[in-house]
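In: Need coordinates for the below:
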Amino acid sequence: MLAAERHAAILGELEMRPAVRVSDLSLRLGVSEMTVRRDIDVLVAAGSLQRVHGGATRRLSAAEAGFSVNSGRQGAAKRAIATAAAALVLPGMTIAVTGGTTTFELARHLVRVADLTVITNSLPFAEELHRLRPSSDSPGPAPRQQVLLTGGERSPSEALVGPLATAAIRGLHADLCFMGAHGVDVKAGITTPNLAEASTNQSFAEQCGQLLILADSTKFDVVSLARITGLDAVAGIITDSSPDPRYAARTAITSPPTEPGLHPIDQSSEKDSP
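Out: Numbering: from 1, shown residues only. Okay, here's the model as predicted:
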C-alpha cells in the first residue's frame with residue numbers, strides 16, 4: 001500500500017470514530033507500528049489530525065465540540081453503558097452525575113429509583129430527568145427524588161462549570177459519581193479539553209465515595225488538555241468493550257456492559273501495582 005493510500009485510510013478511520021490507535025492501524029493496514037507513526041507525523045504536519053499518546057484523534061477546533069454534536073456519536077454504546085451504570089444505583093442513594101452525552105443516557109433509568117438524590121451540573125440531564133418524571137396521572141405513587149443543580153457558567157457541553165459550580169459541589173457528598181470523559185489513558189488518567197470543566201470535575205471526584213467513569217471504547221488511549229484525576233482514584237470504568245489489559249491492572253473494568261450480575265464496585269479491593 002502506498003503512503004498516500006495509507007494516509008487516506010487513516011483519515012477515513014477518523015471519519016468513523018474520534019480516535020484511532022497505532023496498534024489497530026498497524027493491523028488494519030498491514031504495516032509496522034513505526035510506519036504508522038511516521039504516517040501520523042506526516043498528517044500532523046499537514047494539519048489533518050492531532051497526535052495523542054498511542055494514536056491520533058480528529059483535529060480539534062479552537063472550540064470544544066458541543067453537546068448536540070457529541071450526542072450523535074457512539075449512540076448504541078452510550079445507551080448500553082448507561083444501562084450497566086444504572087444497575088449500580090440503589091434506593092436511598094445520593095449520586096453525582098457530571099456533564100456529557102454518555103451520562104445523559106442515565107436519566108431514563110433513574111426516574112423510578114425511590115428516595116434518590118441527584119447532584120448534577122448537566123443541564124440536559126436535569127431537564128431530561130424532569131421531563132421523564134412520572135406525572136400525577138401515572139399509576140402508583142411517584143418515587144421521591146431530589147435533584148440538586150449546581151450553579152456556574154454554561155460550557156459548550158451544556159455543563160455548569162467554574163468557581164460557582166465548584167463551591168457548590170465541595171459542600172456536598174455523593175455515594176457514587178458517574179463521570180463522562182473525553183480521554184482515558186493509563187498514564188495521563190481522565191482528561192478533558194475544557195480547563196474549567198476539569199476543575200469542576202475534580203471537585204466531583206473528591207466529594208464522592210466511589211468514582212465511576214462512563215467511557216466508550218473510542219475514549220481509551222486519548223489524552224486531552226486538562227487532567228481531572230488519575231486512574232488510582234477511579235473505582236471502576238464502565239465501557240462497551242474490553243480495553244488494553246493495562247487498564248484492568250489499575251482499576252475495575254465492567255465490559256461488556258450487558259453482562260449479568262453487575263454489582264457495586266468495591267473501591268477498597270486491592271489493585272495491581274501500576
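In: what residues are up against Arg21?
Out: Gly54, Gly55, Asp221 (C-beta atoms under 8 Å, 6 or more residues apart in numbering). Using the backbone N, CA and C atoms, a C-beta is placed for each residue, glycine as well.
In: can you tell me which of those residues are in strands?
Out: Among the contacts of Arg21, DSSP state E puts Gly55 in strands.
In: List buried residues within the contacts of Arg21.
Out: When the contacts of Arg21 are checked for burial by 16 or more other C-beta atoms under 10 Å, the buried set is Gly54, Gly55, Asp221.
In: Between those residues, which sits nearest Leu123?
Out: Of all these, Leu123 sits closest to Asp221, with 29.9 Å by C-beta to C-beta.
In: hang on, isn't Val113 packed against Leu88?
Out: No - in this structure Val113 lies outside contact range of Leu88 using C-beta atoms under 8 Å: 11.0 Å.
In: on that earlier part again, which single one of the contacts of Arg21 is nearest to Glu158?
Out: Asp221 (26.3 Å).
In: Excluding chain neighbours, what is closest to the closest one?
Out: Nearest residue to Asp221, sequence neighbours excluded (C-beta to C-beta, 6 or more residues apart in numbering): Gly54, at 3.7 Å.
In: Next SSE downstream of the lowest-mean-pLDDT helix or strand in the chain?
Out: Sorting the helices and strands of the chain by mean pLDDT, DSSP states H and E puts helix 67-71 at the bottom, at a mean of 49. Using DSSP states H and E, the helix or strand that follows helix 67-71 in sequence is helix 75-86.
In: Contacts for that following helix, please.
Out: 101-103, 105-106, 108-110, 178, 212, 214-217, 238-240, 254, 256-258, 262.
In: Can you name the secondary structure element that comes next after that helix?
Out: Downstream of helix 75-86, the next assigned helix or strand under DSSP H and E is strand 94-97.
In: and after that next one, which helix or strand comes next?
Out: Toward the C-terminus, strand 94-97 is succeeded by helix 101-104 as the next helix or strand (DSSP H and E).
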